[in-house]
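Participant: below are the sequence and a predicted model; questions follow.
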Amino acid sequence: MRVYLDQNIFMALLKGEKPGLREHIDAQKANGTVAFPYSPAHIEEVAVIFREMEDPELARARVVENLSLIGDVSGRWELLPGLGNVGPSRYVQETPEVCLGRVMEDYDLTLSAEENERFQMSFKSAAAFDQVQEEFGTPLRAGPGVPLHETKRQRHGIEVQRISNLSETAIFADTQVREGLEAKLWNYGWDLTTMPTGAALSESHKIREVVVNLVLAYLEEIGYRADAFEKYRSRMHDVTHAIYAAETDVFVTGDKRYRQRVKAAYSFLGISTKVLSIDEFMVWKQPAAS
């Protein structure tokens, strides 16, 4: 079995925030049938340390500490996109340091992706939208003081307070929510009956990347367990983790709202990955062979 740990789980390990967590991980690994692969998403989050810390020596030490932990927990097993971005995800052994080298070499792509995410997330509120547009020098509104996401919700009769009371397995059964998603899918050439789900998402990493991102972005747009605008960078990495975690049996994350959104997306898309909190994982054991 493969268990995918969110980056906040690695941070909890580094900070010693959850007594017994490392011991539980090691116990699951002990019989050799449970693996804890990492992905480029972990390394992209580690790379942020170089930007956030003013002292370069301290930053390098912190990066080394993170990479060492990731390599130790994962046994250097990693999930990667298919070769040439074609086909299913790959499962290979590679040191986190090698992966970091690729991330840093192409860091301009990460920065571009962050800026795009920031722009997309600015549609959450009029204040955020005005802030970003002013920086671009193109002050513009989707309507008279109404953010674009709210405009979309109003168009389909989606009320944030009402849908927030829907469970992760019920959200996509809602008529208004489905109507809004149908409209979004049109831009991709899909509808609710033709969008790839289930096994099709395991056959192509690229298709899974597009579909999982689309569904999680939609949940943000309609305000379902949504994050604040300021978390745009975190949201970008969160989506990437969800894409890779869908290739595993269990996904563990300490972020409650994110966990709820991923559960909703996985349930709707027919992804069987079990999504757990840290506390749930602490009592989780590999199911006995039938």
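Facilitator: Everything's here; your move.
Participant: contact partners for Leu67?
Facilitator: Contacts for Leu67 (C-beta atoms under 8 Å, 6 or more residues apart in numbering) come out as Ile43, Val46, Thr95, Pro96, Glu97, Leu100. Glycine gets a C-beta too; all of them are placed from N, C-alpha and C.
Participant: using the three-state scheme, assign the first one.
Facilitator: Reduced to three states with DSSP: H, G, I helix; E, B strand; the rest coil, the structure at Ile43 is helix.
Participant: and for stretch 16-36, what's in contact with it?
Facilitator: 1-5, 9, 11-13, 73-75, 77, 278, 281-282, 285-286.
Participant: hmm, which of these are the buried ones?
Facilitator: For these, a burial check counting by 16 or more other C-beta atoms under 10 Å picks out 2-5, 9, 12-13, 73-74, 77, 278, 281-282.
Participant: would CSV of these with distance to Ser202 be doable?
Facilitator: Listed next are these as CSV, based on distance: C-beta to C-beta, whole Å:
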residue, distance to Ser202
Arg2, 13
Val3, 17
Tyr4, 14
Leu5, 20
Ile9, 24
Ala12, 29
Leu13, 29
Val73, 24
Ser74, 21
Trp77, 18
Ile278, 27
Phe281, 23
Met282, 28
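Participant: make CSV from the contacts of Leu67 and add neighbour count and secondary structure to it.
Facilitator: Supplementary listing: those in CSV, determined by neighbours: other C-beta atoms under 10 Å; DSSP: H, G, I helix; E, B strand; the rest coil:
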residue, neighbour count, secondary structure
Ile43, 24, helix
Val46, 24, helix
Thr95, 14, coil
Pro96, 25, helix
Glu97, 15, helix
Leu100, 21, helix
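Participant: and the furthest pair within those residues?
Facilitator: Distance extremes for the contacts of Leu67: the farthest pair is Val46 and Thr95 at 12.9 Å, using C-beta to C-beta.
Participant: roughly how far apart are Lys184 and Val177?
Facilitator: 11 Å (C-beta to C-beta, to the nearest Å).
Participant: so between those two, which is more surrounded?
Facilitator: Val177 (25 against 16; other C-beta atoms under 10 Å).
Participant: surely Ala59 is in contact with Phe50?
Facilitator: Yes. Assessed by C-beta atoms under 8 Å, Ala59 is found in contact with Phe50 at 5.2 Å.
Participant: before we move on, back to that, among the buried ones among the contacts of stretch 16-36, which are in strands?
Facilitator: Val3, Tyr4, Leu5, Trp77 (DSSP state E).
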